[in-house]
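Undergrad: give me coordinates for this.
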Amino acid sequence: PPGLRTPYHGVLWWRSQLTAFLLRPNVALQRRLREVKNLIGFRHPAIGVQVRRGDSCSHAASSTIRPGCQPTAQYLSLVRDMIDRYGRDQRITVFLATDDQAVVEEFEMAAQRQSEGGL
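TA: Reported below is the predicted structural model:
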């Protein structure tokens, strides 16, 4: 196609472009996404974190190739790194998906410490 910067793109690139084109949201879906974002308080910048503790930990424990479950502190450290990278001077939203209430509580305590001066 005209306007390409390089003469060759691999098959993955072309498939990615086609998929992005075919799956782009229509006007109605874009409107609904805006409504949901407003409803849940979504704002940029945002960091999404998924911490699984249920069956994935038990499967990892019995596997020789799958990594084991990481402590919550490691996730919090990575969140701190992202906040440092993308600016402490702005409010950053962290969306947490987890199957463990203890993880939610640890993230809430960390957020409280952050609001008091350090995550």
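Undergrad: find the centremost residue of this protein, please.
TA: Gly48 (2.5 Å; Cα atoms, centre = their mean).
Undergrad: now it: which helix or strand?
TA: Using DSSP states H and E, Gly48 falls within strand 46-51.
Undergrad: and that strand, what does it pack onto?
TA: helix 72-86, strand 93-98 (3 or more Cβ pairs under 8 Å, 6 or more residues apart in numbering; DSSP states H and E). C-beta here means a position set from N, CA and C on the backbone, and glycine is covered the same way.
Undergrad: quick check: which of those is nearest to Glu105?
TA: Proximity to Glu105 (Cβ to Cβ) singles out helix 72-86 among the helices and strands packed on strand 46-51, at 9.3 Å.
Undergrad: contacts for that closest one, please.
TA: Helix 72-86 has contacts (Cβ atoms under 8 Å, 6 or more residues apart in numbering) with Pro45, Ile47, Val49, Val51, Ile92, Val94, Ala102, Val103, Glu106, Phe107, Ala110, Leu119.
Undergrad: and for the first one, the neighbour number?
TA: So that's Pro45. Residues lying near Pro45 (other Cβ atoms under 10 Å) number 12.
Undergrad: contacting residues around it?
TA: Taking Cβ under 8 Å, 6+ apart, we find Pro45 in contact with Tyr86, Gly87, Gln90, Ile92, Thr93.
Undergrad: per-residue pLDDT, it?
TA: pLDDT recorded at Pro45 is 85.
Undergrad: just to revisit the earlier point, export the strand holding Gly48 as CSV, just CAs?
TA: Extracted in CSV, the C-alpha atoms of strand 46-51 (Å, rounded to 0.1, in the frame of the first residue of the first chain):
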residue,chain,number,x,y,z
ALA,A,46,-3.8,4.2,34.0
ILE,A,47,-1.9,1.0,35.0
GLY,A,48,-3.7,-2.3,34.8
VAL,A,49,-2.5,-5.2,37.1
GLN,A,50,-3.8,-8.8,37.2
VAL,A,51,-2.8,-10.8,40.2
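Undergrad: quick one: it to helix 72-86, angle?
TA: Counting by axes from the mean of the first three to the mean of the last three Cα atoms, to 10 degrees, strand 46-51 lies at 160 degrees to helix 72-86.
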